[in-house]
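S.K.: give me the fold of what follows.
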Amino acid sequence: MGIESFYVNLLPENITRVQVESEFSNIGYIGDANVTISEFVNALSTEEIDCNPLNQHEYILNDSLYLTIHSEDLFVKEIALEGCFSWYENCAKEMYRVAILINNRILNVKLNFPNNRILIIPPDEQAFCQLIYERYRLKYEGFIETYGQIEVKCLPRNYFYSFIEKKSSKNIFGKIFKRR
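M.R.: Numbers count the residues shown, from 1 in each chain. Below is the predicted model:
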């Protein structure tokens, strides 16, 4: 996750995150959600969320968020939603919409922050967004300092950096042609 992105983790209700010693990961899970990756993705699609697979564990939702599914034996253990600061306020609202849909219609989940602080998903969009704004305030300020105030719906990662590259080259050409 780079300077351009922020995320929330959704932990199914019956699952607990634990520290483990493994060559592949330092996070393990206790408990079961009893939902496979394919069942979860099919359920999202049924709820009119466009899920474009990048691989078995990662999807692009509605051309606006990355969805990463952490699993064991193809069973969902944790879900991460990743968005871009380039449309921060509306992206946080989109995260809420997806998180509440998952919680109410597919799988009971709770918010899991990196310090293992686990919270129920706030029942209203404003409270959910406020949690995100508080958590990412400093990182967002760094983004603004680096890229300025941007209001464009964009995916994070290479999508954002491609956008910035195109924007920069347009600015350079614009300055060259304005001088003449």
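S.K.: if residue 75 is in a bridge, with which residues?
M.R.: For residue 75, the beta-bridge partners are residue 36, residue 72 (DSSP bridges).
S.K.: contacting residues around it?
M.R.: By Cβ atoms under 8 Å, 6 or more residues apart in numbering, the contact set of residue 75 is 32-37. Yep, even glycine has a C-beta here, placed from its N, CA and C like the rest.
S.K.: residue 128: which of those is nearest?
M.R.: residue 33 (21.2 Å; Cβ to Cβ).
S.K.: look up how far residue 134 lies from the nearest residue to that closest one once chain neighbours are set aside.
M.R.: Nearest residue to residue 33, sequence neighbours excluded (Cβ to Cβ, 6 or more residues apart in numbering): residue 12, at 3.7 Å. Distance of residue 12 to residue 134, given as Cβ to Cβ, to the nearest Å: 24 Å.
S.K.: neighbour-wise, which of these two wins?
M.R.: Ranked by neighbour count (other Cβ atoms under 10 Å), residue 12 and residue 134 place residue 12 first, with 26 against 8.
S.K.: what about that one, distance to residue 34?
M.R.: Counting by Cβ to Cβ, the gap from residue 12 to residue 34 is 9 Å.
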